[in-house]
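A.B. asks: Have a look at this prediction, sequence included:
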Amino acid sequence: MKDGIQQWVDAALDSKDEIAIDLINAGIDPLTALKASTVVTKKGVAEKLDRHFGSKNAAEITQTISAHASTNPLQ
């Protein structure tokens, strides 16, 4: 399960970096771009996790993560 969660965290951070780079390349101040990328990433991750896990309880979420460690709902 640990590997599955680590993969999801890594994917979220990679997405945040990509968003920040795109904003900086578009001329946004770097500090503002970093803050904005955090807001966008948090919202996106929350939506994707909600879609993936829905109303599952903790045991079902743990089972899903363990059984599908190679599947990342954030990508």
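C.D. replies: Alright, I've got the coordinates.
A.B. asks: C-alpha only now, for contacts and for neighbours.
C.D. replies: Will do.
A.B. asks: Now do the worst-scoring helix or strand of the chain on mean pLDDT: which elements does it pack against?
C.D. replies: Within the chain, judged by mean pLDDT, DSSP states H and E, the helix or strand with the poorest mean is helix 58-67; its value is a mean of 82. Secondary-structure packing of helix 58-67 (3 or more Cα pairs under 8 Å, 6 or more residues apart in numbering; DSSP states H and E): helix 2-25.
A.B. asks: Measure how the helix it packs on sits relative to helix 58-67, angle-wise.
C.D. replies: With axes from the mean of the first three to the mean of the last three Cα atoms, to 10 degrees defining the directions, helix 2-25 sits at 80 degrees from helix 58-67.
A.B. asks: Mind listing residues that contact the helix or strand just after helix 2-25?
C.D. replies: Using DSSP states H and E, the helix or strand that follows helix 2-25 in sequence is helix 30-53. By Cα atoms under 8 Å, 6 or more residues apart in numbering, the residues outside helix 30-53 that reach it are Ala12, Ser15, Lys16, Asp17, Ile19, Ala20, Ile21, Leu23, Ile24, Ile61, Pro73, Leu74.
A.B. asks: pLDDT value on the most far-flung residue of the chain relative to its centre, please?
C.D. replies: In terms of distance from the mean C-alpha position of the chain, Gly27 ranks first, at 24.5 Å (Cα atoms, centre = their mean). Gly27 carries a pLDDT value of 97.
A.B. asks: now do Lys48
C.D. replies: For Lys48, pLDDT reads 85.
A.B. asks: Please tell me how far it sits from Trp8.
C.D. replies: Computed with Cα to Cα, to the nearest Å, the distance linking Lys48 and Trp8 is 11 Å.
A.B. asks: quick one: which of the two has more around it?
C.D. replies: Comparing Lys48 with Trp8 by neighbour count (other Cα atoms under 10 Å), the higher total belongs to Trp8, at 20 against 14.
A.B. asks: how far away is the more buried one from Gly27?
C.D. replies: 29 Å.
A.B. asks: Next: Ala67.
C.D. replies: With Cα to Cα as the criterion, Ala67 and Gly27 are 43 Å apart.
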